[in-house]
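> pasting a predicted model and its sequence here:
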Amino acid sequence: MQKAIPLMIQGTHSDAGKSMIATAFCRIFSQDGYKTAPYKSQNMALNSYITAEGKEIGRAQGVQAEAAGIGATTDMNPILIKPTGNFESQIVVHGKVFRNMKAGEYRQDFYSQGIKIIEKTYGRLAGQYDRIVIEGAGSPAEVNLNDRELVNMRVARITGAPVILVGDIEKGGVFASLTGTLQLLEPEDRIRVVGVIINKFRGDVELLKPGLEWFENYTGVPVLGVIPYIDNLNIEAEDSVVLQRYTSSADAAKDLDIAVIRCPMISNFTDIDPFFLEQDCHVRFVQYPEELGQPDLLILPGSKNTIEDMMYLHNSGLGSRILNLVENNTHIFGICGGYQMLGKRIEDKFGTETSLRQSCNGLDLIPMKTLITPDKKTVLSEGTAVYRNRRFPVKGYEIHMGESYIKENHRSFIKLNNMDDGYISSNGQLIGTYFHGIFHNTEFREAFLNSLREKKGLLPITGRASSEKVKEEAFNRLADTVRKSVNLDLICEKMHEFQLTGRKKGFEKYNKPD
């Protein structure tokens, strides 16, 4: 049996860059000839990823598996928590819905089961791979939660992994956050931290050296590297906190203005990532009616709680503003939950997504009724999109609870093998689909954007970038930057050292000596 050597990446807080650095090490180890897998025992995210088996995991682990050059499995993220609102979350175990639980109930009742799941899933990976890059969550210094946590130091103990602690210098106070985190750790956990990485640094590293020397002298923990801020890194983000970085204002310098409605329970917002590659597109996220303006394209993305997000549109005034845009011939594109919102009515009689309200009216732009059901559909899909009398082969995925029914005759948007998907108006102005990833299909995206350009009297643009090619280039650029910025030899030395000296504290039954 192979004996995987693990490395764990933890951070001083959320959005410190754990996912990106874990992604970098997945690519680095893979480049160096090691069969590598990502692992995150418990993820909390509304942006999910569908495996080849049609199972649901956190998007970050799917992306990390791509960086490692392997197919993603549910063993890489066995527990996924998807907040639904009202202090409740949907718990996904091994890629399928387990049930909805409140935070206290999950913490009290699920803990023992979670430990067993972690042991089994990591054990399977440990027998298949040379190296495993483990990602933590939030901060390991959450002293109010550490007695029953399932994702940070407890996982490090179970797996016998050395820990690299990541601090984000862009937010300020990086030495305080790193030092404070170390001081709040239990002694047996503090010795697992083999070094720290300072992330997102802008400027001259020479000016940082006095701080690095002070930190090492004060804590006795080495600084393993300082990673510069990497601009325009086209790798999908998982946490909606990244949306705070995007403007809500139009950019007159760009030909096309694309507005994306940011509802409270927005999910799978990476559907719009390909537009960030386009030089003629400005993408902005809109939360309030006064921000909407007159975009060329309005996108209603996915939602984890369609009824509550639909009520947000009604109550905020965004719903009526969207209807005004339709009258002004703005193109409207709804994906998954956004597609459901375009219909007449949404019903959730089983309380699958929300217990606050059983039904609500949609925008009534499509003659469609949606019934939210307890069964979740998760599947990779291939089909043919029909747009402006052309047919485009497309690949993507579906992930939704409920079915939509259109009673009147209509034109479907995508032809799948055994069924039709979505809706497209006769003039192509209004499109709805359950098909995530539609804009990642370059040929369709090019035709769609050129139709918007044509409408404005602009010349078409051909040869638009392949999102897959751009992603591969981004993985390599990320890996190259991290490789140059860290002491990789020391990191590997610590990994091997921990496998030998930390075995008794770690995952003995899966890391037995020959």
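Noted; the coordinates are in hand.
> how about the helices of this protein, start to end?
18-31, 59-68, 103-109, 111-126, 153-159, 174-184, 187-190, 209-219, 306-316, 318-327, 337-341, 442-455, 467-485, 488-501 (DSSP state H).
> now, of those helices, which is deepest in the fold?
Mean neighbour count (mean count of other Cβ atoms under 10 Å) peaks for helix 337-341 among the helices of the chain, with a mean of 29. C-beta: built from backbone N, CA, C; applies to glycine.
> where are the low-confidence patches of the stretch 251-400 of the chain?
For the stretch 251-400 of the chain, no stretch is flagged by pLDDT under 70.
> ok, back up a step: ok, which of the helices of the chain comes nearest residue 365?
helix 318-327 (6.4 Å; Cβ to Cβ).
> below-threshold pLDDT in this structure: ranges please.
1-2, 238-249, 502-514.
> tell me the domain ranges of it?
5-234+470-504, 256-457 (automatic domain parsing).
> adding distance to residue 464, write those domains out as JSON lines.
What follows is these, written out as JSON lines (distance: least, Cβ to Cβ, whole Å):
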{"stretch": "domain 5-234+470-504", "distance to residue 464": "10"}
{"stretch": "domain 256-457", "distance to residue 464": "5"}
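> of all the ones you listed, which one comes closest to residue 463?
Comparing the domains of the chain against residue 463 with Cβ to Cβ, the closest turns out to be domain 256-457 (8.1 Å).
> make a markdown table out of the helices of the chain and add distance to residue 45.
Shown next, in a markdown table, are the helices of the chain (distance: least, Cβ to Cβ, whole Å):
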| stretch | distance to residue 45 |
| --- | --- |
| helix 18-31 | 10 |
| helix 59-68 | 6 |
| helix 103-109 | 15 |
| helix 111-126 | 17 |
| helix 153-159 | 17 |
| helix 174-184 | 22 |
| helix 187-190 | 25 |
| helix 209-219 | 31 |
| helix 306-316 | 17 |
| helix 318-327 | 24 |
| helix 337-341 | 16 |
| helix 442-455 | 25 |
| helix 467-485 | 19 |
| helix 488-501 | 27 |
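> of all these, which lies closest to residue 136?
Residue 136 lies closest, by Cβ to Cβ, to one member of the helices of the chain: helix 18-31, at 6.3 Å.
> hmm, back to that, how about the domains of the chain, which one is nearest residue 250?
That would be domain 256-457 among the domains of the chain, by Cβ to Cβ, at 4.8 Å.
> give me the distance from that closest one to the chain's centre.
19 Å (Cα atoms, centre = their mean, to the nearest Å).
> again, but for stretch 65-74
Taking mean C-alpha positions (Cα atoms, centre = their mean), stretch 65-74 and its chain are 14 Å apart.
> coming back round to it: residue 196: which of the helices of the chain is closest?
Counting by Cβ to Cβ, residue 196 lies closest to helix 174-184 out of the helices of the chain; the figure is 5.3 Å.
> quick one, the closest one and helix 209-219 angle?
Orientation of helix 174-184 against helix 209-219 (axes from the mean of the first three to the mean of the last three Cα atoms, to 10 degrees) gives an angle of 10 degrees.
> and of the helices of the chain, who's closest to residue 419?
Closest among the helices of the chain, using Cβ to Cβ: helix 337-341, at 15.0 Å.
> contacts for the closest one?
261, 267, 299-304, 306, 309-310, 313, 334, 346, 362-363, 370, 400, 402, 404, 422-423, 432-434 (Cβ atoms under 8 Å, 6 or more residues apart in numbering).
> swap in stretch 135-154?
Residues contacting stretch 135-154 (Cβ under 8 Å, 6+ apart): 8-14, 18-19, 22, 38-44, 60-61, 64, 79, 107-108, 111, 114-115, 118, 155-156, 163, 165, 180-181, 184-186, 189, 192.
> what do you get if the cut-off is 7 Å, keeping everything else the same?
Residues outside stretch 135-154 that contact it (Cβ atoms under 7 Å, 6 or more residues apart in numbering) are 8-14, 18-19, 22, 38, 40-44, 60, 107, 111, 114, 118, 181, 184-185, 189.
> distance check, the closest residue to residue 285 other than its chain neighbours against residue 303.
Using Cβ to Cβ, 6 or more residues apart in numbering and skipping the chain neighbours, the partner closest in space to residue 285 is residue 262 (4.2 Å). Distance from residue 262 to residue 303, counting by Cβ to Cβ, to the nearest Å: 11 Å.
> what does residue 399 give?
On the measure of Cβ to Cβ, residue 399 and residue 303 end up 12 Å apart.
> those two: who's more crowded?
Shown here are residue 399 and residue 303; by other Cβ atoms under 10 Å, residue 303 has more neighbours (28 against 19).
> do I have it right that the more buried one meets residue 263?
Yes. Assessed by Cβ atoms under 7 Å, residue 303 is found in contact with residue 263 at 5.8 Å.
> what sits in contact with each of the two?
Taking Cβ under 7 Å, 6+ apart as the criterion, residue 303 and residue 263 both touch residue 309.
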